[in-house]
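>>> I would like to see how this sequence folds:
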Amino acid sequence: MRADAAGRVVVTGLGTVNPLGTSTPAFGSALRAGTCAISPLTLFDTTGFRSVIGAQVQDIESVPLPAHVSTALRRRLSRADVFALGAAMEALADSGLDSTAPTERLGVALGGTTGGMLRTERCLQDRTNDGRRYRANALVGAPVSASADVVAQTLGIAGPRLTVSTACSSSAMSLGIALDWIRLGQCDAVLAGGSESLCATVFAGFNALHALSREPCRPFDRQRSGLSLGEGAAIMVLEDATHALARGARIHAELLDYGASADAHHLTAPHPEALGAVLAMRRALAHANLAPSDIDYVNAHGTGTPLNDASEITALHEVFDAAGGALAVSSTKSAVGHTLGAAGAIEALVTVLAVRDGFIPATVTLDEPEDPTLDFVPRTSRTASLRCALSNSYGFGGNNTSLVIGRAAESTH
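Model prediction:
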């Protein structure tokens, strides 16, 4: 981080619950080991579906919840709420923010798309099969906004609160909006990220679109045949750099800026010329006062579908070909699946760890690269010193967000 801290936003807290690990250290270790968490689903019945696999959090019971959470609140917590609360608690503890600090200067910005849909499905199933009455506490937690509400209520956060739902770029946008809040002086720090739970309705929808792979997804591979769905949460504490330095905070990385765009093209398909993806990356770089040659690594959206990967390859060539140098690109959806509204935050966390710890995570299922001119880091992660990296998130409707994450020279971990 440069000496002039004014207007700069740093990452001081990290938290996650996802299929590779229910803490940030466990997640980082699994990434470096090249572990893939995509396996047969047990969360709901997949009989008759094209695919029966996904990336499921197996040990949700191990996610710690605060002792003061009331019995009534525990009963209404959805799976996504538990993920979000666990990640938020880890991030807040990791940040070292003083619990006596004014909570009106702390905000919450979370992204998501399904909310408590899994609970709603189970209520409907019980009603249909057994005639049971709906439990009100199960339905109260259904809205996508519930996770942000639960985090703020449980942790006593009285500052701005926002839920972002822009499909698969939702939580990346939440990080960008949190950066804006801090730079505008509305907050000293923000818990920002996203949370998502697998559910049968969404799984069936992607199955109907023939978008699900029968094997663990293979982003950027010639033999790719679709995506693998996943679930989980990642939340970071973003903080004004001056505020963080004044309290002697540990700094993991710096969120340099972000760029957003819309394809204005199609409800589900990316623009064939990748115009929106190109614009988001170029805006992110321009806002951060960086050139393409300053980027050492891109954590790609990389879903493993034929259209998305081809479009993103086009965008990467358009933005980076003239820069020269060796650009590494990988998709960690190969390890943790596509976590939809939480994907942007989970992949931003991956990028922070890569920049902080000096490694490039692998595309762990890649055998035959679609484009051999790009370095997709097949199968095995590698050690590397990274200055700056991009994390790309592209959603249905052409909602595109690119985050620029830089190494903080004064970071300690």
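>>> now do the contacts for Ser195.
Contacts for Ser195 (C-beta atoms under 8 Å, 6 or more residues apart in numbering) come out as 80-81, 83-84, 87, 110, 112, 147, 171, 232-233, 235, 341-342. Just so you know, the C-beta spots here come from the backbone N, C-alpha and C atoms, and that holds for glycine as well.
>>> where does the prediction get shaky in the stretch 101-250 of the chain?
Residue ranges of the stretch 101-250 of the chain with pLDDT under 70: 131, 134-138.
>>> please enumerate the strands of it.
106-111, 161-164, 189-196, 232-240 (DSSP state E, counting those that start in this stretch).
>>> which strands border the shortest one, and is each parallel or antiparallel?
If I follow you right, that is strand 161-164. Strand 161-164 sits in its sheet next to strand 106-111 (parallel), going by DSSP bridges.
>>> for Cys168, give its distance to Val52.
22 Å (C-beta to C-beta, to the nearest Å).
>>> cool, Leu175 as well?
33 Å.
>>> what's the answer for Ala241, then?
Distance from Ala241 to Val52, by C-beta to C-beta: 47 Å.
>>> repeat that for Ala211.
15 Å.
>>> circling back to that earlier point, among the strands of the stretch 101-250 of the chain, which is nearest Gly34?
strand 232-240 (18.2 Å; C-beta to C-beta).
>>> summarise which helices and strands that closest one is packed against.
strand 9-17, helix 79-95, helix 170-183, strand 189-196, helix 343-357 (3 or more C-beta pairs under 8 Å, 6 or more residues apart in numbering; DSSP states H and E).
>>> deepest of those, which one?
Highest mean neighbour count of the helices and strands packed on strand 232-240: strand 189-196, a mean of 35 (counted as mean count of other C-beta atoms under 10 Å).
>>> and it, which strands flank it?
Checking strand 189-196 against DSSP bridges gives partners strand 106-111 (parallel), strand 232-240 (antiparallel).
>>> of Cys168 and Val52, which one has the most company?
Taking neighbours as other C-beta atoms under 10 Å, Cys168 and Val52 compare with Cys168 leading, 27 against 17.
>>> now the more buried one: closest residue in space, sequence neighbours ignored.
Gly395 (3.7 Å; C-beta to C-beta, 6 or more residues apart in numbering).
>>> could you do Arg79 as well?
Ser197 (3.9 Å).
>>> is it true that that neighbour touches Arg122?
No: contact between Ser197 and Arg122 fails when scored by C-beta atoms under 8 Å: they sit 11.6 Å apart.
>>> contacts only, for the spatially most central residue of the chain.
Centroid-nearest residue in the chain, with C-alpha atoms, centre = their mean: Ala345, separated by 2.4 Å. For Ala345, the contact set (C-beta under 8 Å, 6+ apart) comprises 111, 171-172, 174-175, 192-194, 233-236.
>>> hang on, the earlier thing: export the contacts of Ser195 as a markdown table, with columns for distance to Pro25.
Output for those, formatted as a markdown table (distance: C-beta to C-beta, whole Å):
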| residue | distance to Pro25 |
| --- | --- |
| Ala80 | 23 |
| Asp81 | 23 |
| Phe83 | 17 |
| Ala84 | 19 |
| Ala87 | 13 |
| Leu110 | 22 |
| Gly112 | 24 |
| Ser147 | 23 |
| Ser171 | 21 |
| Gly232 | 15 |
| Ala233 | 16 |
| Ile235 | 15 |
| Gly341 | 24 |
| Ala342 | 19 |
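>>> may I ask which two of the residues you listed are separated the most?
Asp81 and Ser171 (15.0 Å).
>>> rounded mean pLDDT for stretch 325-338, please.
Stretch 325-338 comes out with an average pLDDT of 95.
>>> please enumerate the helices of the stretch 201-350 of the chain.
Along the stretch 201-350 of the chain, the stretches classed as helices by DSSP state H, counting those that start in this stretch are 241-246, 275-287, 306-320, 333-336, 343-357.
>>> for these, which one sits closest to Thr268?
Across the helices of the stretch 201-350 of the chain, Thr268 has its closest neighbour in helix 306-320 (8.9 Å, C-beta to C-beta).
>>> name the residues of the closest one that are buried.
Buried residues in helix 306-320, defined by neighbour count with 16 or more other C-beta atoms under 10 Å: 308-316, 318-320.
>>> among those, which two are most distant?
Asn308 and Phe320 (18.0 Å).
>>> and the gap between the residue nearest to Ala264 when sequence neighbours are not counted and Val164?
Spatial nearest neighbour of Ala264, excluding adjacent residues (C-beta to C-beta, 6+ apart): Gly398 at 6.4 Å. Gly398 sits 16 Å away from Val164, going by C-beta to C-beta.
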